[in-house]
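Peer 1: turn this into a model:
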Amino acid sequence: MEQYPSLSRLRKAAARAMQLNTTRAEGHMTLEQYYQTPETLLPQELIFGAVRAADAPFVPHQRLVLRLASTLQAHVSDLNAGEVFVAPVDCVFDRDRALVLQPDIVFVSHQRRDIVLD
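Peer 2: Sure, this is the predicted structure:
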């Protein structure tokens, strides 16, 4: 099992992300079209019909996200309050306006667990 992706695999993922950005100029991408795009190793979001692919976050950012997520997970677990997720996880904020974001950290309470789809 490969622990870290190869450089060629990263380049291919970046190329796919670039293609997605160029296809946006041809028209508005729907939520259904977004879910048909190939998976990428880079952060990717659909913002009102436009695909935005970003560079990987810097190491200090990732360290902070890990610390925050670990602290939040411990708190949520102690309270049995729900689930904590870390990016990349697609969060559909507005289906009709094609707004899908990938927050660094997401908390979903037990009362809202039905919004989590596999």
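
Peer 1: use CA for all of it now, contacts and neighbours both
Peer 2: Fine.

Peer 1: immediately after the worst-scoring helix or strand of the chain on mean pLDDT, which helix or strand?
Peer 2: The helix or strand of the chain with the lowest confidence, counting by mean pLDDT, DSSP states H and E, is helix 7-24 at a mean of 51. Next helix or strand after helix 7-24 toward the C-terminus (DSSP states H and E): helix 31-36.

Peer 1: average pLDDT across the helix or strand following that next one?
Peer 2: Note on helix 31-36: by DSSP H and E, the next helix or strand toward the C-terminus is strand 44-47. Average pLDDT, strand 44-47: 92.

Peer 1: from the opening residue of stretch 31-47 to its closing one, how far?
Peer 2: Criterion C-alpha to C-alpha, to the nearest Å; first-to-last residue distance in stretch 31-47 is 10 Å.

Peer 1: ok, stretch 36-53 next?
Peer 2: 15 Å.

Peer 1: buried sites along it?
Peer 2: 40-53 (16 or more other C-alpha atoms under 10 Å).

Peer 1: same check on stretch 90-107?
Peer 2: For stretch 90-107, the neighbour count (16+ other C-alpha under 10 Å) marks Asp90, Cys91, Val92, Ala98, Leu99, Val100, Leu101, Gln102, Asp104, Ile105, Val106, Phe107 as buried.

Peer 1: of all the residues you listed, which two lie farthest apart?
Peer 2: Ala98 and Phe107 (21.5 Å; C-alpha to C-alpha).

Peer 1: hmm, Gly82 is touching Val116, no?
Peer 2: No: at 11.2 Å, Gly82 does not count as touching Val116 under the criterion of C-alpha atoms under 8 Å.

Peer 1: quick one: which of the two has more around it?
Peer 2: Gly82 (15 against 10; other C-alpha atoms under 10 Å).

Peer 1: and for that one, nearest residue in space, chain neighbours not counted?
Peer 2: Ser109 (4.1 Å; C-alpha to C-alpha, 6 or more residues apart in numbering).
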